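Visitor: give me a model of this one.
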Amino acid sequence: MFYIIFLIPFVLALTSCGPTRVPVEVDRLPTLNTAGIKRIAVMPFEADNPSYNALALYATSVATDRIRETERFTLVDASEVRHIQRRRQNVENYVDAMFIGRIIRTATEKDSKTSQHKDKKGNTYNSTTYYTKVEIEFSYSIKMARDGSLIGPISRKGVASAYSSEGYPSADELLRDALTSQMAFIRQDIAPYKSREMRTLAEDKTEDYVLKTEMKEALAHVKAQNYKLALQSYLGIYERYKSPAAGENASIIYEALGDTESALNIIRRVYNDTGNPTTQLVIARLSKILDDKAKLSASDQQDPINRVTAFASEEIQKVLPSGTVVWLYNNSPRNAMVEAVVDNLTSGFIRKGIGVVDRQNTALVAAEQRLQLSGAVSDAEMVKIGNAAGAKIIVIIGITGSGAMRRLQVRVLDIERGIPIMQSNTDERWLM
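Guide: Have a look, this model is predicted:
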């Protein structure tokens with residue numbers, strides 16, 4: 001069956017006529033503050049009406065795909081989280097947050113219209129057009145594993161319609177189409193994203209023939225996408241004529257080249273030199289972009305795994321002798337956070353030229369498994385295995401506590417002397 005389907009999305013129309021516009025790429029913060037969230041489980045969507053159950057299942061699948069596409073989170077199986085919850089265990093050892101959603105309402109409208117037509121021979125015949133329109137409302141939010149607090153919710157409404165001459169278009173298919181179109185926004189709701197925006201070049205309003213000629217030459221560089229030449233031209237024009245339009249255009253070209261700080265600096269200079277009031281809006285916009293960029297950087301640094309890894313690395317390196325070889329031992333083998341810390345420390349040490357025992361060494365892997373199965377292990381046993389693996393230093397990494405008191409535990413053993421040379425303490429910088 002052939003349908004003519006109409007979705008009602010957000011539409012941005014770009015036209016080629018009128019003032020010249022330059023594309024720029026801007027880093028944007030997500031709608032929801034997901035700073036520090038790395039491991040996320042997409043829980044099954046709930047339905048306010050049993051008839052929505054199939055849509056809820058479909059929504060869960062689409063949401064999982066959209067979150068995976070961000071490439072920012074590690075997806076944790078929802079069934080594993082449910083299993084941990086049923087056992088009344090602490091889920092935050094396995095996941096940072098849960099993505100939860102709900103199908104709230106659906107509505108379907110159907111109509112048909114029959115009209116008469118004549119063929120080439122003058123014969124009259126009837127034709128019927130069938131119409132289906134659907135609406136769907138749903139919401140989603142993020143539930144933190146640590147304390148159960150909610151980030152959100154975000155509510156969405158999708159609309160879709162279709163015509164057919166062969167019967168009513170499927171409402172179920174249209175509902176899925178409407179849901180899918182709105183689910184596309186999940187990516188920018190939960191993860192930083194790059195937005196492609198258009199900047200309109202300013203036109204000089206003076207009657208100075210020489211200035212206008214130079215502005216046209218600079219514009220020709222822009223249209224040819226020779227942005228560096230265009231930037232040099234606009235900066236030169238500004239130096240010679242103090243033209244606010246040339247300064248604003250130089251700012252736009254800087255932004256197009258990815259140098260937002262220089263874009264802000266030149267437009268501030270234009271404001272200070274000329275007092276042009278339109279530059280204040282540009283200053284505010286660029287300041288907001290740089291502020292968001294700083295927040296994105298801070299967000300990455302706030303990630304508890306990255307933060308505590310960086311601190312642990314600094315503390316461990318303070319006691320490492322030169323030319324040493326390190327064995328990094330995971331004392332909490334079923335904890336994903338500790339595994340991530342060990343991986344990060346390993347890659348960091350390798351980058352700095354610190355020798356690291358190959359963790360894929362078959363004999364070492366077998367020895368580690370025996371240690372983990374045996375429970376409490378003495379330093380003497382650790383030293384014996386480390387020595388056999390060619391290590392000079394053992395870094396034992398584990399985790400203790402839960403919730404706000406969860407912290408990384410690190411002990412460093414000197415194999416040659418058989419003694420500990422470093423032990424993490426209760427400093428809040430070890431908190432995860």
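
Visitor: figure out the helix or strand that residue 72 lives in.
Guide: Per DSSP states H and E, residue 72 falls between elements, in no helix or strand.

Visitor: next, it: phi, psi?
Guide: Per-residue torsions, residue 72: phi -110, psi -20 (degrees, to the nearest 10).

Visitor: close enough to count as contact, it and residue 193?
Guide: No: contact criterion CB atoms under 8 Å: residue 72 and residue 193 do not qualify, at 9.7 Å. Backbone N, C-alpha and C define where each C-beta goes, glycine included.

Visitor: of those two, who's got more company?
Guide: More crowded of residue 72 and residue 193, by other CB atoms under 10 Å: residue 72, with 18 against 15.

Visitor: just say helix, strand or coil for residue 409.
Guide: Following DSSP: H, G, I helix; E, B strand; the rest coil, the label given to residue 409 is strand.

Visitor: measure it to residue 174 for me?
Guide: Residue 409 sits 55 Å away from residue 174, going by CB to CB, to the nearest Å.

Visitor: cool, residue 428 as well?
Guide: Counting by CB to CB - residue 428 and residue 174 are separated by 53 Å.

Visitor: then residue 163?
Guide: For residue 163 relative to residue 174 (CB to CB), the value is 11 Å.

Visitor: between these two, which one's more packed in?
Guide: Per other CB under 10 Å, whichever of residue 163 and residue 174 has more neighbours is residue 174, with 25 against 19.

Visitor: residues in contact with that one?
Guide: Residues in contact with residue 174, defined by CB atoms under 8 Å, 6 or more residues apart in numbering, are 5, 132-134, 160-162.

Visitor: swap in 6 Å and give it another go.
Guide: Counting by CB atoms under 6 Å, 6 or more residues apart in numbering, residue 174 makes contact with 134, 160, 162.

Visitor: just checking, the last one is part of a helix?
Guide: Going back to what we said before, that points to residue 162. No: judged by three-state DSSP, residue 162 forms no part of a helix; its state is strand.

Visitor: I'd assumed residue 170 was in contact with it.
Guide: No: the criterion here is CB atoms under 6 Å, and residue 162 misses it with residue 170 at 8.3 Å.

Visitor: tell me where the stretch 301-432 of the chain is predicted with low confidence.
Guide: Low-confidence segments of the stretch 301-432 of the chain, defined by pLDDT under 70: 301-303, 359-377, 403-404.

Visitor: can you give me the strands for it?
Guide: 325-330, 355-356, 393-400, 407-414, 419-423 (DSSP state E, counting those that start in this stretch).

Visitor: to residue 283, which of these lies closest?
Guide: Closest of those to residue 283 is strand 407-414, at 43.1 Å (criterion: CB to CB).

Visitor: if we can go back for a sec, now the strands of the stretch 301-432 of the chain as a markdown table including mean neighbour count and distance to residue 314?
Guide: Shown next, in a markdown table, are the strands of the stretch 301-432 of the chain (neighbours: other CB atoms under 10 Å; distance: least, CB to CB, whole Å):
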| stretch | mean neighbour count | distance to residue 314 |
| --- | --- | --- |
| strand 325-330 | 22 | 15 |
| strand 355-356 | 17 | 17 |
| strand 393-400 | 21 | 13 |
| strand 407-414 | 20 | 11 |
| strand 419-423 | 13 | 11 |
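
Visitor: quick one: contacts for residue 214?
Guide: residue 237.

Visitor: change it to 7 Å
Guide: Residue 214 makes contacts with 233, 237, as judged by CB atoms under 7 Å, 6 or more residues apart in numbering.

Visitor: show me what counts as buried in the helix or strand harbouring it.
Guide: Assigned by DSSP H and E, residue 214 belongs to helix 209-223. Applying a neighbour-count criterion of 16 or more other CB atoms under 10 Å, the buried positions in helix 209-223 are 211, 214-215, 218-219, 221-222.

Visitor: please parse this protein into its domains.
Guide: As assigned by automatic domain parsing, the chain contains the domains 4-196, 201-295, 304-430.

Visitor: ok, residue 218 - contacts?
Guide: 230, 233-234, 237.

Visitor: skipping adjacent residues, who's closest to the residue nearest to the spatial centre of the chain in space?
Guide: Residue closest to the mean C-alpha point of the chain, counted by CA atoms, centre = their mean, is residue 191 at 2.7 Å. Nearest residue to residue 191, sequence neighbours excluded (CB to CB, 6 or more residues apart in numbering): residue 70, at 3.9 Å.

Visitor: contact partners for the one you found?
Guide: Neighbours of residue 70 in contact, by CB under 7 Å, 6+ apart: 187, 190-191.

Visitor: okay, and which of those residues map to helices?
Guide: Here DSSP state H is the test, and the contacts of residue 70 give 187, 190 as lying in helices.

Visitor: tell me the one among the contacts of residue 70 nearest to residue 322.
Guide: residue 191 (41.6 Å).

Visitor: what separation is there between the closest one and residue 68?
Guide: Distance, residue 191 to residue 68, using CB to CB: 11 Å.
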